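Trainee: Next comes the sequence, and after it the predicted model I'd like to discuss.
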Amino acid sequence: MGFKRKKDSQDLGSEFDDDEKVKKMKKTVEKEKKEILPSMIKNKEKRSEVHAKLKIQKKLEKRKKIKARDAAEKRALELGEEPLPREIPRTIENTREHDETVCKAFDEELTAWNDADEFSSIYKCERTPKILFTTSRFNSTRGPAFISELCDVFPNSHYYKRGTYDLKKIVEYAKNKDFTSLIVVHTNRREPDALLIIGLPDGPTAHFKLSKLVLRKDIKNHGNPTKHDPELILNNFTTRLGLRVGRLIGSLLPQNPDLLGRRVVTFHNQRDFIFFRHHRYIYESKETKEATGSKKKEAKMIARLQECGPRFTMKLISLQHGTFDTKSGEYEWVHKPDMDTSRRRFFL
């Protein structure tokens, strides 16, 4: 004879929890049925229409959030309170992998290293930069056109045709003629695709991949550069390797810029891609809108940038000790495919 056990409070509670779980599961299934993703629609026209609607909806929600944030900041300022700090967006740059070679400010070892490197005489204004430009043996018309524009960027630079001369002989010739740098523009399929920058007389030698080249004539509303010595801007060269590459690039230009020329040369490093830009800044007087209560227009002085060109992007392939030597040269750093396993790992 069996006896039925009475249900205690714990059993009732567990049954109640199971019912709630079932209800939640049903609700999520219903929601999933209602929410139809664009990728689930087979018709192309309908799919693009739904995608456009979702995109507009996201934009409107983003605008509402921005308006609400601005209103809260304005209200806090009126009340004399400090507004809430804005959230810093997560980017690849600010979530980069930790690197021990990142340079710290006011590092005595680093300053001593800079004072004793190959470029110290140029940075101390003991030597004036003098650059020799040449091309690869089989070059196209676009290579010399690119070099002629680079000669307008870098003062005291000279272009010599390569001919059949070996590069080591050209290095020796440049040393005897007191050149401080040798730049070789390599072309492939009638398009410049690499730069070899050799510091003279003791190196180092940097090999860069060249991409996205735009000459001056192809830049809309471009300006024509003057002969004044330009200002130099080097951005985001933070590691030991980046600092060495930045000092090599900086040694191509005089360290006493002529500010009257209003020329600016920028090398901006972002995710190990070095973006080159050449600008001149212009001061213009612009009439502002009518002031309240008066019909007169006020003139305001503004500054704007005008690009002079050329425009291109570089990526470091290798850095070698001394001058160019492919057989017995010692490399400081070489880029390998194994290094590209993480998107958040940068070397410059």
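Mentor: Yep, it's here. Numbering: from 1, shown residues only.
Trainee: what's next to stretch 54-67, contact-wise?
Mentor: Residues from elsewhere that reach stretch 54-67 (C-beta atoms under 8 Å, 6 or more residues apart in numbering): P38. For every residue, glycine as well, the C-beta is placed using N, CA and C.
Trainee: Can I get that stretch in CSV, CA atoms only?
Mentor: Output of stretch 54-67 as CSV, limited to C-alpha atoms (Å, rounded to 0.1, in the frame of the first residue of the first chain):
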residue,chain,number,x,y,z
LEU,A,54,16.9,49.7,-39.8
LYS,A,55,19.8,52.0,-40.6
ILE,A,56,17.6,55.1,-40.4
GLN,A,57,16.1,53.9,-37.1
LYS,A,58,19.6,53.4,-35.6
LYS,A,59,20.6,57.0,-36.7
LEU,A,60,17.5,58.5,-35.1
GLU,A,61,18.2,56.6,-31.8
LYS,A,62,21.8,57.8,-31.9
ARG,A,63,20.6,61.4,-32.3
LYS,A,64,18.2,61.1,-29.5
LYS,A,65,21.0,59.9,-27.2
ILE,A,66,23.3,62.7,-28.2
LYS,A,67,20.5,65.3,-27.6
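Trainee: in stretch 191-200, what counts as buried?
Mentor: 192, 194-200 (16 or more other C-beta atoms under 10 Å).
Trainee: for stretch 160-172, same thing?
Mentor: Going by 16+ other C-beta under 10 Å, stretch 160-172 has these buried residues: 162, 167, 170-171.
Trainee: start to end distance for that stretch?
Mentor: One end of stretch 160-172 to the other measures 14 Å (C-alpha to C-alpha, to the nearest Å).
Trainee: All the strands of the protein, in order from the start?
Mentor: Counting by DSSP state E, the chain has strands at residues 131-135, 157-159, 181-188, 191-199, 205-214, 231-235, 263-270, 273-287, 299-307, 311-320, 331-334.
Trainee: Now do the second one: which elements does it pack against?
Mentor: Contacts defined by 3 or more C-beta pairs under 8 Å, 6 or more residues apart in numbering; DSSP states H and E place strand 157-159 against strand 131-135, helix 142-153.
Trainee: Mean neighbour count, mean pLDDT and distance to C125 for these - can I get that in TSV?
Mentor: Converted to TSV, these look like this (neighbours: other C-beta atoms under 10 Å; pLDDT from 0 to 100; distance: least, C-beta to C-beta, whole Å):
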stretch	mean neighbour count	mean pLDDT	distance to C125
strand 131-135	22	94	17
helix 142-153	18	91	20
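Trainee: Serialize the ones you listed to JSON lines and add fields for distance to A105.
Mentor: Converted to JSON lines, the helices and strands packed on strand 157-159 look like this (distance: least, C-beta to C-beta, whole Å):
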{"stretch": "strand 131-135", "distance to A105": "31"}
{"stretch": "helix 142-153", "distance to A105": "30"}
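Trainee: Which of those sits closest to R75?
Mentor: helix 142-153 (50.6 Å; C-beta to C-beta).
Trainee: Show me the shaky parts of the stretch 1-150 of the chain.
Mentor: 1-19, 21-35 (pLDDT under 70).
Trainee: same question but for the stretch 151-300 of the chain, I mixed them up
Mentor: 289-296.
Trainee: Please state the offset of stretch 208-226 from the chain centre?
Mentor: Taking C-alpha atoms, centre = their mean, to the nearest Å, the mean C-alpha location of stretch 208-226 is offset from the chain mean by 17 Å.
Trainee: How far away from the center of its chain is stretch 104-121?
Mentor: Taking mean C-alpha positions (C-alpha atoms, centre = their mean), stretch 104-121 and its chain are 25 Å apart.
Trainee: which of the residues in it are buried?
Mentor: Buried residues in stretch 104-121 (16+ other C-beta under 10 Å): 117-119.
Trainee: Looking at those residues, which one is closest to K74?
Mentor: F119 (50.8 Å).
Trainee: backbone phi and psi for the closest one, please?
Mentor: Main-chain dihedrals, F119, degrees, to the nearest 10: phi -100, psi 0.
Trainee: How about the contacts made by the residue lying closest to it once chain neighbours are set aside?
Mentor: Of all residues not flanking F119 in the chain, S251 sits nearest, at 4.2 Å (C-beta to C-beta, 6 or more residues apart in numbering). By C-beta under 8 Å, 6+ apart, S251 lies in contact with 119, 122-123, 129, 180-181, 199.
Trainee: swap in L243?
Mentor: Contact partners of L243, counting by C-beta under 8 Å, 6+ apart, are 103, 110, 114, 237.
Trainee: Skipping adjacent residues, who's closest to P254 in space?
Mentor: D229 (4.7 Å).
Trainee: Tell me how the protein divides into domains.
Mentor: If you go by automatic domain parsing, the domain ranges for the chain are 47-76, 108-287+299-341.
Trainee: in the first one, what's buried?
Mentor: Read it as domain 47-76. Residues of domain 47-76 classed as buried: V50 (neighbour count, 16+ other C-beta under 10 Å).
Trainee: Need the residue closest to the centroid of this structure.
Mentor: Q270 (2.8 Å; C-alpha atoms, centre = their mean).
Trainee: so what's that residue up against?
Mentor: 93, 236.
Trainee: The longest helix along the chain: how far from the chain's middle?
Mentor: Secondary structure of the chain per DSSP state H: the longest helix is helix 44-78. On the basis of C-alpha atoms, centre = their mean, helix 44-78 sits 29 Å off its chain's mean C-alpha point.
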